[in-house]
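Student: Dropping a prediction and its sequence here:
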Amino acid sequence: MVRPKDASEVEELVRLAVRYGVPLVARGSGTGLSGGCVPVPGCVVVDFTAMNRILEVRPEDHQVLVEPGVIYAELNAKLAEHGLFLPPNPASGDQCTVGGMVAENASGPRSYKYGPVRDWVIGLEVVTPAVGRIWVGSRTRKHVSTYGLVSLFVGSEGTLGLFTKILFKLAPAPPGRLGVILPFGDVRDASRAVYALFKAGLDISALELVDRLTMEAVNKFYKVGFPEEEAVVMLEMECWSRDEDRRFNEMELKLAELEATISALGLRCGEPSVFFNADEMWAKRALAAEALERLYGHMLMNDVIVPPSKLPELVEGIKAVAERYGLPIAIFGHAGDGHLHPTILIPREDLFKPEVRAAEREIVKLAVELGGALSGEHGIGITRVGLLGLEVSDEVLGLCLKLKQVLDPHGIMNPGKKVPAGRVAVHKSKEGRASSP
């Protein structure tokens, strides 16, 4: 493992790796859920935690320039001093690095309103094996002078190059956030309610679904008081009044609007729980994955996403898979986006049992058949490479491999992740340099 301190050290490291044909695997805080930073044989792990400086806050342009090792929560704490924030908020935000977020194109609950990280990156300094250190993007909010190279690198999972600087655009931070938990007697009803709220067009910044299995696990270990229901819908509404009394009145008005909408839509939910500080509500939701793993010993978390209109069908199909294979499958996620994390709950020794893998495959296949994708935010890594064929055509996969070969002709960047290894692999010439196949 190496821990570079600046971009010049990263540049030298990549140059040496090309010369000697050594694979490089980037690592931030290691909170990813697809094995993207898991070492491969003979590799050097590049630990970016020492490159953790906030280089420049530009409040006049709503921008910030950072190194990749900055922790997301620490960045937003600094930005709050300027009344700004970086909206995508993964559950691991108090631990994860922004470089990892960019590498995975992370999102989180507020992606419902604000979109994933890709929508907030406007510039990158990247070191690639093919051309060394380059800057892509611009300080401007629009930029069409080149192909969309920033978008290409975002979500590339360390397979095309190593980020050394990231330029984010920012949003004004709302002074208040109202949180509401709506309980339902059936997870299917909850999924239909999510879509109904989506269609209603309320100004909602986050719209989540959590089922009974997940809530029971969180309550067991953390005593946070999720309601004893089959499912809940969690939503957030932003409030913009600076004065505290006016902000409270604004929250009351938004709550009344929500209740009127629920009544007009005929949603069959119980008594809402209201949080005048939504962070208290999200503290419950952030514990979901950790609690499930503690309770069941291991879990196989999926990351499927479908068009919002197909969410009820996805939930119905997941319940059918659970019944067919006799497996407990927890359902939670960013439901307003049609994005769920169906999590198969199993002892570790059962991970590779045929019925477990068959259930996983059926869930992914269902999402794709509904017009969706196998991963919305967690990435492909090593855990989902074998499932790519369910969604991605040979022609598109071949194009992805060609793009990788242009930027990583020696196949040293996180090999075997994101796209299958083989056609872009490490080969050493007689001189000890890596050469393309």
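Tutor: Looks like it came in fine.
Student: can you give me the strands in the stretch 201-350 of the chain?
Tutor: Here the stretch 201-350 of the chain has its strands, by DSSP state E, counting those that start in this stretch, at 206-211, 231-239, 273-275, 298-301, 329-330, 332-333, 343-346.
Student: lowest-confidence stretch among those strands?
Tutor: Mean pLDDT values for the strands of the stretch 201-350 of the chain show the minimum at strand 298-301, a mean of 92.
Student: Who are the packing partners of that one?
Tutor: If contacts are counted by 3 or more C-beta pairs under 8 Å, 6 or more residues apart in numbering; DSSP states H and E, strand 298-301 sits against helix 288-296, strand 343-346. C-beta here means a position set from N, CA and C on the backbone, and glycine is covered the same way.
Student: Tell me what angle the longest one forms with strand 206-211.
Tutor: Between the direction of helix 288-296 and that of strand 206-211, the angle (axes from the mean of the first three to the mean of the last three C-alpha atoms, to 10 degrees) works out to 10 degrees.
Student: Okay, now the unreliable bits of this structure?
Tutor: Scanning the chain for pLDDT under 70 picks out 422-437.
Student: Which segments of it make up each domain?
Tutor: What the record gives for the chain is the domain set 7-172, 176-285, 297-388, from automatic domain parsing.
Student: With mean neighbour count as extra columns, can I get those domains in TSV?
Tutor: Shown next, in TSV, are the domains of the chain (neighbours: other C-beta atoms under 10 Å):
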stretch	mean neighbour count
domain 7-172	19
domain 176-285	18
domain 297-388	20
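Student: Between those, which one is closest to residue 410.
Tutor: Among those, domain 7-172 comes nearest to residue 410, with 5.6 Å by C-beta to C-beta.
Student: circling back: the helices and strands packed on strand 298-301: which one's closest to residue 143?
Tutor: Nearest of the helices and strands packed on strand 298-301 (C-beta to C-beta): helix 288-296, 36.3 Å.
Student: So which elements touch that closest one?
Tutor: With 3+ C-beta pairs under 8 Å, 6+ apart as the test, helix 288-296 has helix 212-222, strand 298-301, strand 343-346 packed against it.
Student: for the stretch 51-200 of the chain, what spans make up the strands?
Tutor: Listed in chain order, the strands of the stretch 51-200 of the chain (DSSP E, counting those that start in this stretch) span 54-58, 63-66, 84-85, 121-128, 132-137, 162-169, 171-172, 176-184.
Student: Now render the helices and strands packed on strand 298-301 as JSON lines, adding distance to residue 385.
Tutor: JSON lines is the format used below for those (distance: least, C-beta to C-beta, whole Å):
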{"stretch": "helix 288-296", "distance to residue 385": "21"}
{"stretch": "strand 343-346", "distance to residue 385": "18"}
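Student: Of the strands of the stretch 201-350 of the chain, which is nearest residue 389?
Tutor: With C-beta to C-beta, the closest approach to residue 389 among the strands of the stretch 201-350 of the chain belongs to strand 298-301: 18.8 Å.
Student: ok so, going back, could the domains of the chain be laid out in TSV, adding distance to residue 403?
Tutor: What follows is these, written out as TSV (distance: least, C-beta to C-beta, whole Å):
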stretch	distance to residue 403
domain 7-172	7
domain 176-285	33
domain 297-388	15
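Student: Out of those domains, which is closest to residue 411?
Tutor: Residue 411 lies closest to domain 7-172 among these, at 7.9 Å (C-beta to C-beta).
Student: Of all the strands of the stretch 51-200 of the chain, which one comes closest to residue 392?
Tutor: Nearest of the strands of the stretch 51-200 of the chain (C-beta to C-beta): strand 121-128, 23.1 Å.
Student: Turn the strands of the stretch 201-350 of the chain into a markdown table, columns for distance to residue 285.
Tutor: Formatted as a markdown table, the strands of the stretch 201-350 of the chain follow (distance: least, C-beta to C-beta, whole Å):
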| stretch | distance to residue 285 |
| --- | --- |
| strand 206-211 | 6 |
| strand 231-239 | 6 |
| strand 273-275 | 11 |
| strand 298-301 | 15 |
| strand 329-330 | 13 |
| strand 332-333 | 8 |
| strand 343-346 | 14 |
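Student: quick revisit: now render the helices and strands packed on helix 288-296 as TSV, adding distance to residue 12.
Tutor: Formatted as TSV, the helices and strands packed on helix 288-296 follow (distance: least, C-beta to C-beta, whole Å):
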stretch	distance to residue 12
helix 212-222	45
strand 298-301	37
strand 343-346	42
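Student: so which of the ones you listed gets nearest residue 261?
Tutor: helix 212-222 (24.1 Å).
Student: The closest one - contacts with which helices or strands?
Tutor: Helix 212-222 packs on helix 288-296, strand 329-330, going by 3+ C-beta pairs under 8 Å, 6+ apart.
Student: rerun at 7 Å
Tutor: Secondary-structure packing of helix 212-222 (3 or more C-beta pairs under 7 Å, 6 or more residues apart in numbering; DSSP states H and E): helix 288-296.
Student: residues in contact with the helix it packs on?
Tutor: Residues outside helix 288-296 that contact it (C-beta atoms under 7 Å, 6 or more residues apart in numbering): 91, 210, 214, 217-218, 220-222, 299, 301, 330, 332, 343, 345-346.
Student: Likewise for stretch 387-398?
Tutor: By C-beta under 7 Å, 6+ apart, stretch 387-398 touches 361, 364-365, 368, 373-374, 380, 419.
Student: what's the answer for stretch 414-423, then?
Tutor: Here stretch 414-423 has contacts from 23, 25-26, 36, 40, 156-159, 380-382, 385, 397, 400-401, 404, 425-426, 437, using C-beta under 7 Å, 6+ apart.
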